[in-house]
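Asker: What shape does this take:
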Amino acid sequence: MHRHWGPWGGWMGMGHWGRFFAPGELRLALLSLLKDGPKHGYELMKTLEAKSGGTYRASAGAVYPTLQQLEDEGLATSVQQEGKRVYQITEAGVQELEKNTAGVAEMWERAGGWGWGDWNALTGPHIAGVAGPAMHVMKSAARAASRCGNNADQMAKVFEILDHARRDLDSVI
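Answerer: Numbers count the residues shown, from 1 in each chain. As a prediction, this is how the structure comes out:
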């Protein structure tokens, strides 16, 4: 599987395109962040955003129910401090992370692939001008990948062309 295009290990990788965390991963992500020390929900949301280079913004509707689940499972506890609920990992939570070490490492490696820099800085009229041509390239790449099917040699050629284009664009001052 090619590791240079999609955040899931390939150009639309394992079928999770558009979804930052696979089922159950937000739970592990929050536990791993709590292992670094107690945090309140907003801190956790901002840290998740930072770890993705700004491309993933966790919603309160996803984070807080997951934190409640972690408490219900005895993997985290919370206390009220200065008007905020602060969460911390329990020993059982640490053990849960240790059981899933490889999965957590892969999840954060994949999350780093979403970052591709701070997308917030990539706005403005000069950026809007490249959106149309970039989408045409994306459509062509998707059509080519669709025609390749399971042919690994042909898919490798598609990746090679896209990687070459990326390198050429990155070399522009």
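
Asker: What residues does the nearest residue to residue 76 once chain neighbours are set aside make contact with?
Answerer: Of all residues not flanking residue 76 in the chain, residue 70 sits nearest, at 3.9 Å (C-beta to C-beta, 6 or more residues apart in numbering). For glycine as for every other residue, the C-beta is placed from the backbone atoms N, C-alpha and C. Residue 70 makes contact with 27, 30, 31, 76, 87, 93, according to C-beta atoms under 8 Å, 6 or more residues apart in numbering.

Asker: The second one is in what secondary structure piece?
Answerer: The secondary structure element spanning residue 30 is helix 25-35 (assigned by DSSP states H and E).

Asker: Neighbouring strands - and their directions - for the very next helix or strand once past that helix?
Answerer: Later in the chain than helix 25-35, the nearest helix or strand by DSSP H and E is strand 39-40. Using DSSP bridges, strand 39-40 pairs in its sheet with strand 84-89 (antiparallel).

Asker: tell me which residues in the strand it pairs with are buried?
Answerer: The neighbour-count check on strand 84-89 (16 or more other C-beta atoms under 10 Å) flags 86, 87, 89 as buried.

Asker: can you give me how far it is from the chain middle?
Answerer: 23 Å (C-alpha atoms, centre = their mean, to the nearest Å).

Asker: hmm, who's touching it?
Answerer: So strand 84-89 is in contact with 30-31, 34-35, 37-42, 44, 67, 70-71, 75-80, 97, going by C-beta under 8 Å, 6+ apart.

Asker: re earlier: against which helices or strands is the helix holding residue 30 packed?
Answerer: Helix 25-35 sits against helix 41-51, helix 60-72, strand 76-81, strand 84-89, helix 91-99, helix 101-115, with contacts defined as 3 or more C-beta pairs under 8 Å, 6 or more residues apart in numbering; DSSP states H and E.

Asker: just the angle between that helix and helix 101-115, please?
Answerer: Angle, helix 25-35 to helix 101-115, by axes from the mean of the first three to the mean of the last three C-alpha atoms, to 10 degrees: 100 degrees.
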